[in-house]
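S.K.: Quick one, structure for this:
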Amino acid sequence: MDGVDYILSEDTRKTQILLDKYGIKTKLLSYYSVTEKSKLNRIITMLKDGNSLALISEAGTPCISDPGSILINECIKENINIKSVPGASALTHSLVLCGFPVNRYYFQGFLPVKKGREKTFIGLKKIMMPVVIYESKYRIKKTLSDCHKYFGNREVSICRELSKKFEEVVNINLGIVVKNLSLIKEKGEFVIIVNNC
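M.R.: Below is the predicted model:
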């Protein structure tokens, strides 16, 4: 990151902590989902003017349920060179830890909060492979209850705060989970994998 002109960051406050730790002085620019479209032209102009930029997300991988795909798509259209440096990804990390056969899986990402939620679950139930769902601490209990409602008593892997200090993985059945929802810690970000094989 020290070799670029600017760093686009989903959360500049958290990124600044990382930069300070390693003595990196590169200028930060805020870039998150709400501003992604409005900042696109400015960023493309900066790149065309010869500036180099790095794109990082708060606690995941850009473009994987995080900002970035709009920018990457525009760079491709404009023939702007893109490089990817693989890093921590909750998706791949959770697939390794779930213990299910994952030579094929379906990545749902975040579910609709209200409109289209039931229809999405009905569709997911028909996909006969592990289904990966991202969820926030605010809806984790509701989503686990909904998973039980639509998938039945399937095996589930519940991963929390992957690759972070308080990482936790619980492999269990959905029926047991819904009877013990009070034990779910509503902290951090979650990956749910339902073994729908």
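
S.K.: CA only for contacts and neighbour counts going forward, please
M.R.: Will do.

S.K.: Just say helix, strand or coil for Lys115.
M.R.: Secondary structure state of Lys115, per DSSP: H, G, I helix; E, B strand; the rest coil, is coil.

S.K.: what's around it, how many residues?
M.R.: 9 (other C-alpha atoms under 10 Å).

S.K.: Next one: it from Leu124, what distance?
M.R.: To Leu124, Lys115 is 16 Å away according to C-alpha to C-alpha, to the nearest Å.

S.K.: what bridges to Ser9?
M.R.: Ser30, Ile56 (DSSP bridges).

S.K.: wait, doesn't it sit right on Thr26?
M.R.: No: here Ser9 does not reach Thr26: they are 11.5 Å apart, not a contact under C-alpha atoms under 8 Å.

S.K.: Of these two, give the one with the bigger neighbour count.
M.R.: Set side by side, Ser9 and Thr26 show more neighbours around Ser9, with 22 against 16, by other C-alpha under 10 Å.

S.K.: and stretch 48-63, what's its mean pLDDT?
M.R.: Taken as a whole, stretch 48-63 has an average pLDDT of 87.

S.K.: Give me the common contacts of Ser9 and Thr26.
M.R.: Residues within reach of Ser9 and of Thr26 at once, by C-alpha atoms under 8 Å, 6 or more residues apart in numbering: there are none.

S.K.: In the chain, which helix is the longest?
M.R.: In the chain, with assignment by DSSP state H, the single longest helix is helix 140-151.

S.K.: elements contacting the next helix or strand after that one?
M.R.: Per DSSP states H and E, helix 140-151 leads on to strand 155-160 as the next helix or strand towards the C-terminus. Under the contact criterion of 3 or more C-alpha pairs under 8 Å, 6 or more residues apart in numbering; DSSP states H and E, strand 155-160 touches helix 90-98, strand 168-173, strand 189-194.

S.K.: ok, 10 Å please
M.R.: Where contact means 3 or more C-alpha pairs under 10 Å, 6 or more residues apart in numbering; DSSP states H and E, strand 155-160 is packed against helix 90-98, strand 131-136, helix 140-151, strand 168-173, helix 174-179, strand 189-194.

S.K.: Relative to the whole chain's centre, how far out is the third one?
M.R.: The reference is to helix 140-151. Taking C-alpha atoms, centre = their mean, to the nearest Å, one finds the center of helix 140-151 at 19 Å from the center of the full chain.
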